[in-house]
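>>> no sequence for this one, just the structure:
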């Protein structure tokens, strides 16, 4: 470990001493401090200029909208161009409820948030099964739709804005009132706008809830969806439900930003909520760091500052002076340029780039730090696994009977039988296209079988969703490790726990005491799992920088986190050197001793012969041999499918135009 | 005048799939690369033809290093691959598919038209399907078209990635007959990458065995045909 | 009947612009969000060279189309290609959006928002079609849309270039094994697409005048025409433009402009949800 950074590690060591409760508390205090500082110029009487107060308020609104968007676009990878529309809906619904509905603020705010959430849920219900680009196009259409409606709908004032004196006898929305106290918007210079206090308090609350969500297992489930729907499903996440919930929350946060806007300006003009505005929210997320936690908030502050302050005007002036008086870029054009530049130079955003840089420099080592409290006696490995080794002999953990799968005209899996008992490794071999991966996919739920039964510890799982099967006790690894490359190994393992699929969003956001205890437990179990697969030293290393063999071990650790009865390993030895293969073999035999049942789909015959208790060979979807490894590997029909038969009958000639 | 693969290592993402590969191919010769799946055969094919960039080592075509060229550039220089699974353009006709091949031959292609004619004469099934969409052809017919398409590219060196994949043993024989004809007619050097060792060793003069990313056995095909080491390379050492 | 004709005429304009989306999406799986702004560039360029007396009007139009086409090709190379590295990489959406901001801002600053007339490329007469009076320029644009579509279909089916574009569109990797550079084909596709868009820009500017706002209002309709018809079919825009034009005109007539536009967009939403590849587009196979 480089001694230069020992100082930094000491600071980090102090930080990891701080309990999670303390850390969360510090976050709130830091936010409160920032808000206080932002408001102070206003309180002191100097600098209570309208533009300044509006700037603070707009930053808060954009921050809330951007972090909301990050949940869906940054974590879950669904790029939405419609957050501006939700912002607009929030602003107009709140305005309408306050003015026409004459509802008190305490009612208008929650009702608006619920309306926005419902809109988000409806959109999600229609789009959650679609692929990325289609989803983005739909959100774009929605943004255009909402904008058009706002510009033209007479009830809402159309082009004259809402409210307007002609239709509503007033140009301003009523002031927000809570328990008799009126919050003044920044409409009069020199006077402190008390509505900012309300706005900033709500912002802090929203940020705390958002941060809780992001750092929780629920947040991890979104990241899994961002990697791939299939991965998330195998980690126990009901992907459709998760996307719907996420989009609901995102929309509510977007609507909250709109509420702030309405509180701030007391008057709404539809031009403010065009597609350009939606894009600036997305720009805030990307510029700050899509997929990081606080990045979008930072990006939001930067973007609003750029738009509103005179900095960009200054740049425009420079162009007019030195380049051309006629052809120059003003604010919208410069923003476009920044967008393109950010995509080139800062693909991970400001915060993302900084944290990548920091992660490379300070590779923390678990043994050098006073790590989270480890249990005094080592956790017995078999406490992980649901199998009691004593009953081992009488149980069948997995029974596949007559499994069949067609793809169009191709018979991929043909009446395959397979059995796995506790504490055993069942190898599956076969040439390319033999159906090994298809079989694995049938068992894990990625495909539905056309016929046949699959029983997991007596429970029928054929045709169930992967997340349902995962909950019943089956886990798997994939041909190429699907890990969160910019998260630590520890974080990756935590994604494997059942909480990822089962923690509800409100528990995650509100984070009651029991949640803190659960997080500690997850940390302990994850650490123990890493030790199990020999990755304890790499706990805080980013998964993206792990050597291939260690990445595979990490995937296995994650799979074990769900306490499976059966583990499917899909070609785990691919890409490993001989030492790594031996270590893999040792790990597998250790796991076998703990009572885990395993299916090992492999090409690496030496590994198969070393660890497999029984082997099934598939060819063109059919079982052609089954028995011990040495029996199967010396079976003549197995040799034939791999090497080709020694004598082939004379060919039926294609030159005679016969059907091939 | 040969295609030399010198000390090449390559892989995907962080995985190194093949390492320190040294093979050489002379014009007019058929050299087999056999091995079990997962051994790295397709990775080797994709690296030599340019779809994958090699991490180290060099690929030398008739004396010129080409490892920095893109796949399209290598095709135009004379390294042509018939990929695994044929990958014909399903919505284009057989004729259009073969014409697609001729773009790589630009400048070198005069003889190739004649070679294509010879192939079409020897295997009239292709002419029978001339105006049909390639997607409607059977596996064996597709393979014939794919090979003809490759010949239209005037290859100096041809990489055939598992031409027998998905074909019955009888069809495999036909396809191999076509490959022999190509070798005789065009004098292209052919890398025959196959899992089916026996068939490949029957056709080739020289063979290499790829095992877990390394070439472990290399020698005249006749010798390897009867060697027990080849079986061990596929199915492990006998326990 | 009046509604039908005016709706179809509007649809014709959307269809012509939508070809700009389809051509590029078909070949490269990307599209240029700054499409509307390329129309603006074409219109301003046409305006700038209107004083070139030595070049006949047709020649000026050809010049504009050629220049904007080249700009389109380079846009692919510099703004789209770096951001379309994989199937899931949709950053090109954002970079082309950024480009559109830049162009529209620059032209607004440089030329102001007032419309300037373009004194060539247009026909001033009003024509009667099926008993309905229609500005002949709109009819010209609709006819151009049909002719351009037929020309594009012929090019893709009958020329070597077209076959190469279809090959790249189907399997870019296999095409590269045949010496066909998908980068080059992409540039050509974009060049062709922007040329079509430039033609639309000049013709439309001849009707309504040159201004930075020329393209933006058409973008929604063009996008709708492309999606409804299917972004992977060259015939798509004609069908999509026709449907969108008719629906917005018909509903707009009976319930007001806003509802007209809303109903058009609702059709787009419905297509995206239930038949995302469009009415004439090819089904995309989902691989696990």
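All right, it came through fine. Note that this is a predicted model, so its numbers are computed, not measured.
>>> what are the buried residues along the lowest-mean-pLDDT helix or strand in chain B?
Ranked by mean pLDDT, DSSP states H and E, the helix or strand of chain B with the weakest confidence is helix B:228-235, at a mean of 80. Across helix B:228-235, burial judged by 16 or more other CB atoms under 10 Å in any protein chain shown covers B:230-235. The way it works is simple: take the backbone N, C-alpha and C, and place the C-beta from them, glycine included.
>>> and the two most separated of those?
For the buried residues of helix B:228-235, the farthest-apart pair by CB to CB is B:230 and B:235; their separation is 9.8 Å.
>>> report the contact partners of whatever residue of chain B ends up closest to chain C.
For chain B, the residue positioned closest to chain C under CB to the nearest CB is residue B:104, at a distance of 3.1 Å. By CB atoms under 8 Å, 6 or more residues apart in numbering or on different chains, the contact list for residue B:104 reads B:72, B:75-76, B:80, B:153-154, C:178-180.
>>> what residue, apart from its backbone neighbours, is nearest residue A:243 spatially?
Excluding the flanking residues, the one nearest residue A:243 by CB to CB, 6 or more residues apart in numbering or on different chains is residue A:128, at 4.3 Å.
>>> report the separation between that neighbour and residue A:138.
For residue A:128, the distance to residue A:138 under the criterion CB to CB, to the nearest Å works out to 11 Å.
>>> out of these two, which sits in the busier spot?
Set side by side, residue A:128 and residue A:138 give different neighbour counts by other CB atoms under 10 Å in any protein chain shown, the larger being at residue A:138 (23 against 19).
>>> what helix or strand does the more buried one sit in?
For residue A:138, the host element (DSSP states H and E) is helix A:132-152.
>>> which stretches of the stretch 51-200 of chain C form helices?
Per DSSP state H, counting those that start in this stretch, the stretch 51-200 of chain C carries helices over the ranges C:57-75, C:91-111, C:136-158, C:160-170, C:172-176, C:182-208.
>>> and the longest one, what does it pack onto?
The criterion is 3 or more CB pairs under 8 Å, 6 or more residues apart in numbering or on different chains; DSSP states H and E, and the helices and strands that helix C:182-208 contacts are helix C:2-28, helix C:35-48, helix C:57-75, helix C:136-158, helix C:160-170, helix C:172-176.
>>> before we move on, what about the first one?
With contacts defined as 3+ CB pairs under 8 Å, 6+ apart, the packing partners of helix C:57-75 are helix C:35-48, helix C:182-208.
>>> now with 10 Å, please.
Using 3 or more CB pairs under 10 Å, 6 or more residues apart in numbering or on different chains; DSSP states H and E as the contact criterion, the elements in contact with helix C:57-75 are helix C:2-28, helix C:35-48, helix C:91-111, helix C:182-208.
>>> tell me the first helix or strand C-terminal of the helix holding residue A:138.
Using DSSP H and E, the helix or strand that follows helix A:132-152 towards the C-terminus is helix A:165-168.
>>> can you give me the buried ones in that following helix?
Of all the residues in helix A:165-168, those buried under the rule 16+ other CB under 10 Å are residue A:168.
>>> could you check that helix against chain C for contacts?
No: for helix A:165-168 and chain C, the contact criterion (CB under 10 Å from any CB of the partner chain) is not met; the two come no nearer than 16.4 Å.
>>> can you pull the residues of chain C lying near chain B?
C:157, C:160, C:162-164, C:166-171, C:173-184, C:282.
>>> so where is chain B shaky, pLDDT-wise?
Filtered on pLDDT under 70, chain B yields the residue ranges B:109, B:237-239.
>>> so how far is the lengthiest helix in it from its chain's centroid?
Ranked by residue count under DSSP state H, the longest helix found in chain B is helix B:169-186. With CA atoms, centre = their mean, to the nearest Å as the basis, the distance from the averaged C-alpha position of helix B:169-186 to the chain average is 12 Å.
>>> helices and strands around that helix, which ones?
Using 3+ CB pairs under 10 Å, 6+ apart as the contact definition, the elements that helix B:169-186 packs against are strand B:30-34, helix B:110-122, helix B:139-152, strand B:157-161, strand B:189-194, helix B:197-203.
>>> can you redo these as CSV with distance to residue C:110?
CSV is the format used below for the helices and strands packed on helix B:169-186 (distance: least, CB to CB, whole Å):
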stretch, distance to residue C:110
strand B:30-34, 62
helix B:110-122, 54
helix B:139-152, 52
strand B:157-161, 55
strand B:189-194, 59
helix B:197-203, 67
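>>> need those in CSV (columns: distance to residue C:108 and mean neighbour count).
Putting the helices and strands packed on helix B:169-186 into CSV (distance: least, CB to CB, whole Å; neighbours: other CB atoms under 10 Å in any protein chain shown) gives the following:
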stretch, distance to residue C:108, mean neighbour count
strand B:30-34, 62, 26
helix B:110-122, 56, 15
helix B:139-152, 52, 24
strand B:157-161, 55, 25
strand B:189-194, 59, 26
helix B:197-203, 67, 23
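>>> distance to chain C added to these, as JSON lines?
Below are these laid out as JSON lines (distance: least, CB to the nearest CB, whole Å):
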{"stretch": "strand B:30-34", "distance to chain C": "18"}
{"stretch": "helix B:110-122", "distance to chain C": "13"}
{"stretch": "helix B:139-152", "distance to chain C": "7"}
{"stretch": "strand B:157-161", "distance to chain C": "9"}
{"stretch": "strand B:189-194", "distance to chain C": "14"}
{"stretch": "helix B:197-203", "distance to chain C": "21"}
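>>> okay, and residue A:339 sits in which element?
Since the elements are taken from DSSP H and E, residue A:339 ends up inside helix A:331-345.
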